[in-house]
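Trainee: starting from these lines, generate the structure:
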Amino acid sequence: MPIPTRLERSRILVDGEPRVVLAGEIHYFRLARRDWEDRIRAAVDAGLNTVASYIPWIWHELPDGTLDVSGDTRAERDLGAFIDLCAEHGLWFIARPGPFQMAELKNEGLPHRLRREHPEIHPTGWDGAPATTRTVDYLAPAFLAEAERWYDAVLPVLVSRQREYGGPVIAVQLDNEVGMLDWVSNTPTLTEQARREFAEWSGLEVDPRGGAAGTDGELALHHELARFTRDRFARYLQTLEGWARDRGVTAPLLVNIHGTGAGRGLTYPIGVSQLAPAYRGREGVTGGTDMYLGELTVQNVADLYLGNAFTSAVHGPDQPLTALEFDAGDGDYGEDLASLTSPDATVLKTLLDVAQGTRAINYYLFAGGINPLLERPVGDGDDRIGFTGERHGFAAPIGPEGEPSPALAGVAEATAAVLAHERLFAEGVQLTDDLVLGFVADHYLTEYTHPAARRRAEQVRDRERHRGFGDRHTLARALVLGGWSFGALDLQAAAGSDPAWSAAAPRDEREGRDRELVVLATGAELGRGVQEFLARHVQTGGRLLLVGDLPQHDADGSPCTVLADTLGVRDAGRADERVDAAGEYHPTVRAVGALAAHGAREVRVGGAQLFAGAGEELLRERGGGLPAAVRVSLDGGGVAVLLGADYPVHVGFWRDLLALAGARPRLELNADRPGVVAVPIAADTEAALVAVNVAPYDVTVAPEFDGVPLGDGPTVLGPRGHRILTLPAGAGAAPTTHRTETHA
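Mentor: The predicted structure follows:
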């Protein structure tokens, strides 16, 4: 008998069993009702077990303001009938009722009436200028009142069709990509109501609309304003959560996290930073990635990996990772052949996602359609609900007229690969090495910069250069393409220094010797709370690899050298690549000391932090003769390795550098060339190594895990190829470490 869908121990339980949800986005409102069944059958044939769809307010509201969700005015508005048809074909359903939908809909899926009747919902930002996008002030009373009326109309259709009542509804998404429009337009909401709230929140007696540009408080204001906006987003999403629960939604609630752009995920953690406090630790709610990376290559594979790791780091123990928008088409979004994505990319991205613990994937878009005309013309050129013209979903595996594209084969291959090991991917855990990548959410508080705020602009440039992935992204690629398996640690939550950020997350009270090697990329700014946490970490026997600049400042610009003082290391300046009217400088470094085996040749770098004070020299910058990397050992057994240069992705160098910080990988790929990313995963009954080749050439691997060879011999992974190899019995056990050896 069906029972409520639940989130438990980072799993999704449907009918009481852990399952992998494989969904395809099908927009019923962009299809003639006679075509619904054809697209649903296509989803079944592709191996999907779920359909997802936006439910657009703009489509269901009529010109007189009444709401039709039962098809009284048009058959294609019968939402219940579409959901029931999915159930008839054995498919579950994920509902995405907004209020915002985006979805290439005009007015972001909101009825045009709202802005006519309530012009105050359109926010103003810097210097009182109106927002340049079709965003709204989420907490404006008029918007909330209208949104609640929409929920009153649409939620009963979903509630009665939830799994426990025999229906297919297994999850409901709250709004969509909250904060994205504010970020891309550099427009914080600074309405009169918001300014009053900010004054109370921050205690700052300054009009935030001017950004405190040119004053001593410039950085502090921007920092507090971004933190305050996080809180507003949380209050809004938790308001929607309350409405849903009060109206009988027992199914899991989902929060979609935005942030990818131009085929990269470097800015994706901005969305994590904005939205984690809205759902972290909340029962029955979880977050989901929104990934548009196109072809998976050596350039962006680390983006996907780190995006998943950072998102998981802000989840509670019962909150599984999901992928609520996962590009699966041919990439020709503008029908201009500006780019094409191979079907193999869908397979590789899917396998990497599920290996890292993603329990639900929604292929967006699975089937295209036709944008219907608005009931009342608005004079915007074509008077349709979407801005893509008459047709929508050009790049989808199934096009607007129902024709399949080569991308469909990629979806079918991906689902077959996952379902062949569904139990493993439904409840398995990634087996990680004894290291964790540090995530500093405040390094991604870069959404807003007043046009005249020069110090703020410099701060943002420094953050963007170093944060998360490291300068030139060499840290991320060295780890991901070097055979390491790792998760992420939310350092601000672990430090407990910002309760507004960490919400229900407990402080990490372990001593450093009981914690993994912490690897962190940072610029000169690192918050005091995180510096103090890392200082305690190494003082109590912990290990640290710091990549980038030596932290010198707190987020508000005030001096903070807690970590540097603990390590006894001083800033000796920077050597950066420079070509200008005054001359030129080209920094190079040579490995020395314990890394001298890599020092046969100097290596060009784009820049280097130079160090003075304590530490064993590991790299030397030629021009100044000063250290660009050092290793510091503390009396309590702690060790810190500081790498100030954007050292190239020489896998052997990074392997030895990490060994100096006390890390040894469980997996040895023994690859003849780079390009393979491998993730070990284990459940109670099965363990496997998921290996994907993102290189455009063959790679031969002879993997060993915990010293045990996998397979019968070397394995050749062709370009864009993949393999799932069985791991030895007992692979799920924790690795054995030898920290006394590495700390000596």
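
Trainee: helices of the stretch 401-550 of the chain, start to end?
Mentor: 407-419, 422-427, 454-466, 474-480, 491-495, 499-502, 528-539 (DSSP state H, counting those that start in this stretch).

Trainee: can you name the residues in contact with the fourth one?
Mentor: Think helix 474-480. Helix 474-480 is contacted from outside by 298, 301-303, 305-306, 437, 468-470, 486, 519, 521, 547, 646-649, 651, 654, 677, using Cβ atoms under 8 Å, 6 or more residues apart in numbering. Backbone N, C-alpha and C define where each C-beta goes, glycine included.

Trainee: the residue lying closest to residue 622 once chain neighbours are set aside: neighbour count?
Mentor: Closest residue to residue 622 apart from its sequence neighbours, by Cβ to Cβ, 6 or more residues apart in numbering: residue 588 at 4.9 Å. Number of residues near residue 588 (other Cβ atoms under 10 Å) recorded here: 17.

Trainee: isn't residue 588 right up against residue 607?
Mentor: No: if you go by Cβ atoms under 8 Å, residue 588 and residue 607 don't touch, sitting 11.3 Å apart.

Trainee: per-residue pLDDT of residue 13, please?
Mentor: Listed pLDDT for residue 13 reads 98.

Trainee: just to revisit the earlier point, for the residue nearest to residue 622, what are phi and psi?
Mentor: phi -130, psi 160 (degrees, to the nearest 10).

Trainee: residues contacting it?
Mentor: Taking Cβ under 8 Å, 6+ apart, one finds 602, 603, 604, 605, 621, 622, 623 in contact with residue 588.

Trainee: out of those residues, which are buried?
Mentor: 603, 605, 621 (16 or more other Cβ atoms under 10 Å).

Trainee: just those residues now: which is nearest residue 338?
Mentor: Checking the buried ones among the contacts of residue 588 against residue 338 with Cβ to Cβ, the nearest one is residue 605 at 33.4 Å.

Trainee: shouldn't that closest one be in contact with residue 589?
Mentor: Yes: with contact defined as Cβ under 8 Å, residue 605 and residue 589 form a contacting pair (5.7 Å).

Trainee: common neighbours of those two, please.
Mentor: 628, 645, 647.

Trainee: am I right that the first one is in a helix?
Mentor: No: the assignment for residue 628, made by DSSP: H, G, I helix; E, B strand; the rest coil, is strand rather than a helix.

Trainee: what is the neighbour count of it?
Mentor: Neighbour tally, residue 628, other Cβ under 10 Å: 31.

Trainee: residues in contact with residue 352?
Mentor: 296, 301, 304, 305, 308, 677, 679, 690, 692.

Trainee: I'd like these as a markdown table, with neighbour count and pLDDT appended.
Mentor: Formatted as a markdown table, those follow (neighbours: other Cβ atoms under 10 Å; pLDDT from 0 to 100):
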| residue | neighbour count | pLDDT |
| --- | --- | --- |
| 296 | 25 | 97 |
| 301 | 25 | 98 |
| 304 | 26 | 98 |
| 305 | 27 | 98 |
| 308 | 26 | 98 |
| 677 | 29 | 98 |
| 679 | 25 | 98 |
| 690 | 26 | 98 |
| 692 | 26 | 98 |
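
Trainee: among the residues you listed, which are in helices?
Mentor: Judged by DSSP state H, the subset of the contacts of residue 352 located in helices is 301, 304, 305, 308.

Trainee: please parse this protein into its domains.
Mentor: Domain assignment for the chain, taken from automatic domain parsing, gives 6-428, 454-473+486-660, 667-743.

Trainee: relative to residue 446, which of those domains is closest?
Mentor: domain 454-473+486-660 (4.7 Å).

Trainee: now do the contacts for residue 61.
Mentor: 67, 68, 111, 113, 150.
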